[in-house]
Structure formats: C-alpha cells, structure tokens
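K.L.:
would you be able to build a 3D model of this:
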Amino acid sequence: RSRGPARTMGKDGGKKESKAPHSSNAAPEMTDGGDKVSDVGDVKKLEAGVNASLSNLNNLTTLLDLCEEGSDGGDGGGGKVATAAMLALCRCMSRLLDAGQLLPPGG
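P.N.:
Here you go, the predicted model:
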C-alpha cells in the first residue's frame, strides 16, 4: 500500500510536501542513523524528533510502519511497541493540526 507525501504549511504559508519515498519492504529504522526500532523508548525518541523539528517528519512513516508490524500478530513484544507507536502518532498529528502545520484532507 502506498502513502502520499505529507503536506505541511511552511513559515511563509506555502504548502510543502515531503519528497522522501516510502518503501513498504524496508525495515523500520530511526532516521537519525540509529538502530532498528525495538522498544517503547525508541518510539518516544521518534515522537520527540517530530515535535522538535518539521525536518523529522520521516519519523511519522517509521511510526506508521511500527503500527502495521504490530497488527500482524507477530512477536509478543510487538504489541507494546505498536500501541506506543499509535499513541505517538496521535499526539504528533494532533500537535501538527493544532499548530496549523498540517493540513487536513481536502484543506
């Protein structure tokens, strides 16, 4: 399944789109060059990165991938990481929408 690029509002009010391609076959990795995401602490780091700067929006795709991995009923520990990723996504998106930095669909 393919996701479209994230749309954000720039400081000058112009629309920006992230241009990073999304590969559904790639293992989720932290975008700051870290190791593979494996625990709730890593999810918190990804969320903090998005909150710190819009240049870290690629962390949102990593969080989405973690949600999908946890929903397939795999390892016993995957459920906790997937739940943490879902909650982190909710908080990140809520903050971006509230700040006017993310446009709702059709907006």
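
K.L.:
downstream of the helix or strand bottoming out on mean pLDDT in the chain, the next helix or strand is which one?
P.N.:
Least confident helix or strand of the chain, by mean pLDDT, DSSP states H and E, is strand 15-17 with a mean of 51. Going down the chain from strand 15-17, the next helix or strand is helix 40-52, by DSSP states H and E.

K.L.:
what does that following helix contact?
P.N.:
Outside helix 40-52, the residues that touch it by C-beta atoms under 8 Å, 6 or more residues apart in numbering are 30-32, 34, 37, 56-57, 59-60, 62-63, 66, 80-81, 84-85, 88, 91-92, 95-96. The way it works is simple: take the backbone N, C-alpha and C, and place the C-beta from them, glycine included.

K.L.:
just for this protein, where's the confidence low?
P.N.:
1-35, 71-77, 107 (pLDDT under 70).

K.L.:
grab the longest helix from it for me.
P.N.:
Across the chain, the longest stretch assigned as helix under DSSP state H is helix 78-98.

K.L.:
what subset of the contacts of helix 40-52 is buried?
P.N.:
30-31, 37, 56-57, 59-60, 62-63, 66, 81, 84-85, 88, 92, 96 (16 or more other C-beta atoms under 10 Å).
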